[in-house]
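Undergrad: Next come a sequence and a model predicted from it.
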Amino acid sequence: SAALAHVGRTIARRAERAVVALTAVDAVRAEPRHYLNRLSDLLFVLARVLNRANLDGLGGDDVYWQSERLARDSE
């Protein structure tokens, strides 16, 4: 489901942050960070596609987040 894809994305982002933190301590090649970044992008797009496809009967339109500041400025 789209929710599981979003959970996978958060795990990939957490792993990416761990690789970045490790880079500050030790020499780490850039490929793992790039891979994890692309993986999180893929999972985000997959979640949107699954949500739009409404495969689990729970999906529908995406809910777009807008900061309170931007909401006030657009009024």
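TA: Arrived safely.

Undergrad: Show me the shaky parts of the chain.
TA: The chain contains residues with pLDDT under 70 at 55-63, 75.

Undergrad: can you do 90?
TA: Across the chain, the ranges flagged by pLDDT under 90 are 1-3, 48-75.

Undergrad: just the helices in this protein please.
TA: Assigned helices in the chain, in chain order: 2-25, 31-53, 68-73 (criterion: DSSP state H).

Undergrad: Can you tell me how far residue 52 is from residue 66?
TA: According to CB to CB, to the nearest Å, residue 52 stands 20 Å off from residue 66. In short, each C-beta sits where N, CA and C put it, glycine included.

Undergrad: and if you look at residue 29?
TA: Between residue 29 and residue 66 the computed distance is 38 Å (CB to CB).

Undergrad: One more: residue 72?
TA: Taking CB to CB, one finds residue 72 at 10 Å from residue 66.

Undergrad: More neighbours: residue 52 and residue 66, which one.
TA: residue 52 (13 against 9; other CB atoms under 10 Å).

Undergrad: Please report the number of neighbouring residues for the nearest residue to residue 5 once chain neighbours are set aside.
TA: Excluding the flanking residues, the one nearest residue 5 by CB to CB, 6 or more residues apart in numbering is residue 47, at 3.7 Å. Neighbours of residue 47 under the rule other CB under 10 Å: 21.

Undergrad: Many thanks, I have nothing further to ask.
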